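Undergrad: Provided below for reference: sequence and predicted model.
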Amino acid sequence: MTTHWNYPDPALQDELRKIANAIVAPGKGILAADESKSTMGKRLQDIGLENTDEYRRKYRQLLFTTCPTLGDYVSGVILFHETLYQKADDGTPFTELLKQRGIIPGIKVDTGVVPLFGSNDECTTQARYASICQANRIVPIVEPEVLPDGAHDLERSQKVTETVLAYVYKALADHNVYLEGTLLKPNMVTTGQDCPTKANPAQVAHATVTALQRTVPSAVPGVTFLSGGQSEEEASVNLDAINKFQGKKPWALTFSYGRALQASVLRAWGGKDENVTAAQNELLQRAKANSLAALGQYTAGTVAGKAGEAGLFVKNHAY
Ligand SMILES: O=P(O)(O)OC[C@@]1(O)O[C@H](CO)[C@@H](O)[C@@H]1O
């Protein structure tokens with residue numbers, strides 16, 4: 001930690017701040033399509049497909065050739081390393097397809113989590129990640145995920161989330177990270193997966209916003225929640241409740257969903273070319289639902305989806 005330090009030059013501050021704000025523009029959020037090869041393998045296996053380079057490419061092509069309306073709801077896509085260099089059948093680079101839709105391409109830059117020595121099976125990535133991103137003109141999406149495994153209640157989940165977030169912002173301050181040019185990607189505060197009493201959306205919203213109020217500086221432009229094993233519909237309804245919640249909310253509160261934006265898409269596709277349009281339609285519908293939820297305007301149950309209610313929890317989820 002050093003106190004002799006210069007803020008990034010004004011041009012870099014402007015650039016980072018503008019990108020971060022564009023990503024969390026009203027009614028917009030992120031499609032997290034950054035599953036590693038092995039995680040993508042599990043998704044493909046679920047629909048009976050082999051984990052080949054070509055199937056992964058075809059699936060991402062399906063996502064990124066969805067009609068340009070997608071850009072009305074999705075402002076950014078997080079890509080996995082191999083996808084950054086892949087192209088559609090007609091030779092158009094995926095990043096170009098995204099730009100044509102007004103979507104900002106991003107990339108997962110960590111190389112996966114490693115066990116945190118001495119902890120209870122917790123994992124970590126490199127702590128200087130955010131600072132390195134900014135030095136390279138990339139907006140870091142800082143993702144401290146408290147997994148939902150366990151039978152804990154909402155209060156316990158809130159306290160642990162607050163503890164983790166407080167630590168994260170101390171670390172970002174220690175590393176002189178320019179907060180206006182960052183986004184936070186936390187879990188929502190929910191009851192543990194095995195908790196006998198499940199919190200309702202209003203309770204989730206209260207606990208989540210309270211945890212954020214206590215820990216996240218107002219300089220941060222936006223909070224883009226991960227879906228963390230919630231079903232597609234739960235993730236939309238909870239995000240909507242968070243935005244409807246009356247209270248101090250100095251940040252945009254939106255989505256950066258992986259599973260909760262793709263479960264129905266994968267199911268509708270099933271690896272068949274003739275299903276591509278139906279699968280893209282699933283993506284559009286769920287993206288629209290989340291866009292409305294980010295504005296606090298989603299009506300529960302209005303988007304069904306092939307896997308809308310399916311639980312997406314994965315025990316000891318890691319990537
Ligand atoms: O919790 P979700 O919304 O499914 O995914 C959140 C996420 O961080 O975890 C995934 C790792 O599998 C990433 O691809 C994704 O960005």
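TA: Happy to help now that I have it.

Undergrad: this protein: helices as residue ranges?
TA: Under the criterion DSSP state H, the chain contains helices at 10-23, 37-46, 53-64, 70-73, 81-84, 94-100, 129-135, 154-174, 201-215, 232-244, 259-269, 276-294.

Undergrad: Ala171 is in contact with Arg128, isn't it?
TA: No: with contact taken as C-beta atoms under 8 Å, Ala171 and Arg128 are classed as non-touching, separated by 9.2 Å. To be clear about C-beta, it is placed using only N, CA and C from the backbone, and glycine gets the same treatment.

Undergrad: the more surrounded of these two?
TA: Taking Ala171 and Arg128 together and counting by other C-beta atoms under 10 Å, Ala171 has the greater number of neighbours (17 against 13).

Undergrad: mind putting the helices of the chain in JSON lines, distance to the ligand included?
TA: Formatted as JSON lines, the entries for these read as follows, by distance: least, C-beta to the nearest ligand atom, whole Å:
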{"stretch": "helix 10-23", "distance to the ligand": "14"}
{"stretch": "helix 37-46", "distance to the ligand": "4"}
{"stretch": "helix 53-64", "distance to the ligand": "12"}
{"stretch": "helix 70-73", "distance to the ligand": "16"}
{"stretch": "helix 81-84", "distance to the ligand": "11"}
{"stretch": "helix 94-100", "distance to the ligand": "16"}
{"stretch": "helix 129-135", "distance to the ligand": "14"}
{"stretch": "helix 154-174", "distance to the ligand": "15"}
{"stretch": "helix 201-215", "distance to the ligand": "15"}
{"stretch": "helix 232-244", "distance to the ligand": "7"}
{"stretch": "helix 259-269", "distance to the ligand": "3"}
{"stretch": "helix 276-294", "distance to the ligand": "11"}
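
Undergrad: looking at those helices, spot the one closest to Thr191.
TA: Counting by C-beta to C-beta, Thr191 lies closest to helix 154-174 out of the helices of the chain; the figure is 5.1 Å.

Undergrad: list the contacts for whatever residue of the stretch 1-150 of the chain ends up closest to the ligand?
TA: The nearest approach of the stretch 1-150 of the chain to the ligand comes at Ala32, 3.2 Å away (C-beta to the nearest ligand atom). If you count contacts by C-beta atoms under 8 Å, 6 or more residues apart in numbering, Ala32 has them with 77-78, 226, 256-258, 261.

Undergrad: just these now: which is nearest Leu284?
TA: Leu261 (10.6 Å).

Undergrad: surely the closest one meets Arg286?
TA: Yes: shown here, Leu261 and Arg286 form a contact pair, counting by C-beta under 8 Å, at 5.6 Å.

Undergrad: JSON lines for the helices of the chain, including distance to Leu116 and mean pLDDT?
TA: What follows is those, written out as JSON lines (distance: least, C-beta to C-beta, whole Å; pLDDT from 0 to 100):
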{"stretch": "helix 10-23", "distance to Leu116": "28", "mean pLDDT": "98"}
{"stretch": "helix 37-46", "distance to Leu116": "20", "mean pLDDT": "95"}
{"stretch": "helix 53-64", "distance to Leu116": "29", "mean pLDDT": "98"}
{"stretch": "helix 70-73", "distance to Leu116": "36", "mean pLDDT": "98"}
{"stretch": "helix 81-84", "distance to Leu116": "23", "mean pLDDT": "95"}
{"stretch": "helix 94-100", "distance to Leu116": "33", "mean pLDDT": "98"}
{"stretch": "helix 129-135", "distance to Leu116": "15", "mean pLDDT": "93"}
{"stretch": "helix 154-174", "distance to Leu116": "12", "mean pLDDT": "97"}
{"stretch": "helix 201-215", "distance to Leu116": "20", "mean pLDDT": "98"}
{"stretch": "helix 232-244", "distance to Leu116": "27", "mean pLDDT": "98"}
{"stretch": "helix 259-269", "distance to Leu116": "24", "mean pLDDT": "97"}
{"stretch": "helix 276-294", "distance to Leu116": "31", "mean pLDDT": "98"}
